[in-house]
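S.K.: My questions concern the predicted model and sequence given below.
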Amino acid sequence: MKALVTGGGGFLGKAIVRALLQRGIEVHSFSRGEYPALAELGVKQHRGNLVDANAIARAAEGSDVVFHVAAKPGIWGDYDDYHQANVIATQNVIAACRRHGIRKLVHTSSPSVVFDGRDMEGINESVPYPDHFKAHYPRTKALAEQIVRTANDAQLATVSLRPHLIWGPGDNHLLPRLVARARSGQLARIGTNKNLIDTIYIDNAADAHLLAADRLSPGSAIAGKVYFISQGDPVPMWDMINRLLDAAGAPPVTRRVPRWLAILLATGFEIAHRVTGRRGEPRLTRFVVSEMSTAHWFDISAARRDLGYAPRISIAEGLERLRHAAAEPPSAQ
């Protein structure tokens with residue numbers, strides 16, 4: 001077996017790479033950068049941009065399965081950047097699979113593709129895409145997911161997974177941002193903290209991707225489908241954030257801001273960013289306010305049934321692993 005992982009140097013990508021290597025599978029990675037950690041693991045690295053169709057086609061040659069994990073995250077920026085990285089790139093990955101007769105494509109999507117600004121409580125995969133998106137990331141990820149679903153046919157089997165709020169040791173996106181803002185006093189609870197959320201520990205997210213690949217083939221029961229994956233253990237949002245901060249050695253968030261005030265502040269930050277042409281993200285956006293003041297938990301019974309998925313690492317065990325990793329010196333990690 002040979003597998004290609006796009007974004008293999010990222011948080012989830014690297015976890016999938018390690019899980020594949022543990023099975024004795026030859027792993028190749030396609031990323032824009034070079035990652036020493038992947039080189040140490042013996043992974044063949046291909047450098048390039050996913051908008052270059054020929055570059056990804058060369059990297060995919062000889063693969064039996066492609067895990068398309070790479071994407072442009074975030075909640076601020078030019079639409080074209082998100083479209084290129086999330087939509088055009090996905091089209092190029094599919095084209096590479098077809099060019100080389102690759103039969104399996106496992107795509108990493110996001111629950112945000114069905115978020116319309118309201119509570120998502122125990123929803124399943126039957127929920128439709130919204131008519132309007134509050135940010136470029138969910139809009140372009142929804143387009144990419146639809147492209148993947150449409151691409152499924154007798155030659156190429158596709159499946160999309162929607163992991164929610166991936167966390168754990170090695171996180172280079174969500175947790176560092178939370179810790180930095182908590183230590184600088186820039187975090188405040190928005191709303192009442194009654195909104196429950198799902199999360200997923202990094203190893204469980206990687207497990208789900210490999211389980212999907214195991215069961216995926218043209219005409220299989222999961223081909224052309226999407227699946228929510230999570231811990232299956234929804235908790236109040238700010239309780240979970242404070243547990244993550246505690247494990248990372250950061251102070252808890254105690255200050256509270258009413259939702260109406262948070263929306264007002266976010267609107268002001270967005271306007272100031274646009275008027276001044278500042279780079280980077282505003283301190284707060286209306287999309288983030290919506291995300292942090294609504295419920296996000298999902299019915300994962302389809303993933304349990306069709307993929308055989310069951311989170312083997314509990315939230316409590318994952319937090320202990322995170323605490324242990326945070327206590328280690330950087331050279332030991």
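M.R.: Thanks, I have it.

S.K.: All the helices of the stretch 201-333 of the chain, residue numbers only.
M.R.: Under the criterion DSSP state H, counting those that start in this stretch, the stretch 201-333 of the chain contains helices at 202-215, 237-247, 259-276, 286-292, 301-307, 315-327.

S.K.: deepest of those, which one?
M.R.: helix 202-215 (a mean of 23; mean count of other Cβ atoms under 10 Å). In this view, the C-beta of every residue, glycine as well, is placed from N, C-alpha and C.

S.K.: Could you tell me the angle between it and helix 315-327?
M.R.: 120 degrees (axes from the mean of the first three to the mean of the last three Cα atoms, to 10 degrees).

S.K.: Let me see the mean pLDDT of helix 202-215.
M.R.: Averaged over helix 202-215, pLDDT sits at 98.

S.K.: CA atoms of that helix as PDB?
M.R.: Extracted C-alpha coordinates of helix 202-215, given in PDB (Å, rounded to 0.1, in the frame of the first residue of the first chain):
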ATOM      1  CA  ILE A 202      -6.400  14.300  17.500                       C
ATOM      2  CA  ASP A 203      -5.800  10.500  17.600                       C
ATOM      3  CA  ASN A 204      -9.500   9.800  17.300                       C
ATOM      4  CA  ALA A 205      -9.700  12.100  14.200                       C
ATOM      5  CA  ALA A 206      -6.800  10.200  12.600                       C
ATOM      6  CA  ASP A 207      -8.500   6.800  13.500                       C
ATOM      7  CA  ALA A 208     -11.700   7.900  11.700                       C
ATOM      8  CA  HIS A 209      -9.800   8.700   8.500                       C
ATOM      9  CA  LEU A 210      -8.100   5.300   8.400                       C
ATOM     10  CA  LEU A 211     -11.400   3.500   9.200                       C
ATOM     11  CA  ALA A 212     -13.000   5.400   6.300                       C
ATOM     12  CA  ALA A 213     -10.200   4.400   3.900                       C
ATOM     13  CA  ASP A 214     -10.500   0.700   5.000                       C
ATOM     14  CA  ARG A 215     -14.200   0.600   4.100                       C
END
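
S.K.: can you tell me the helix or strand for residue 162?
M.R.: strand 157-163 (DSSP states H and E).

S.K.: Which neighbouring elements make contact with whatever helix or strand comes next after that strand?
M.R.: Heading C-terminal from strand 157-163, the first helix or strand you meet, by DSSP H and E, is strand 166-167. Applying 3 or more Cβ pairs under 8 Å, 6 or more residues apart in numbering; DSSP states H and E, one finds that strand 166-167 contacts helix 174-183, strand 200-201, helix 202-215.

S.K.: Paired strands for strand 166-167, with orientation please.
M.R.: Strand 166-167 sits in its sheet next to strand 200-201 (parallel), going by DSSP bridges.

S.K.: on that earlier part again, could I get the helices of the stretch 201-333 of the chain as a markdown table with distance to residue 78?
M.R.: Converted to a markdown table, the helices of the stretch 201-333 of the chain look like this (distance: least, Cβ to Cβ, whole Å):
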| stretch | distance to residue 78 |
| --- | --- |
| helix 202-215 | 28 |
| helix 237-247 | 29 |
| helix 259-276 | 12 |
| helix 286-292 | 15 |
| helix 301-307 | 34 |
| helix 315-327 | 34 |
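
S.K.: Residue 165: which of those helices is closest?
M.R.: Taking Cβ to Cβ, helix 237-247 is the member of these nearest to residue 165, at 8.3 Å.

S.K.: how much does that closest one deviate in direction from helix 315-327?
M.R.: Helix 237-247 runs at 40 degrees relative to helix 315-327, counting by the same axes, to 10 degrees.

S.K.: Give me the contacts around helix 237-247.
M.R.: If you take Cβ atoms under 8 Å, 6 or more residues apart in numbering as the criterion, helix 237-247 is touched by 167, 175, 178-179, 182, 187, 189, 193, 195-197, 199, 251-253, 292, 315, 319-320, 322-323, 326.
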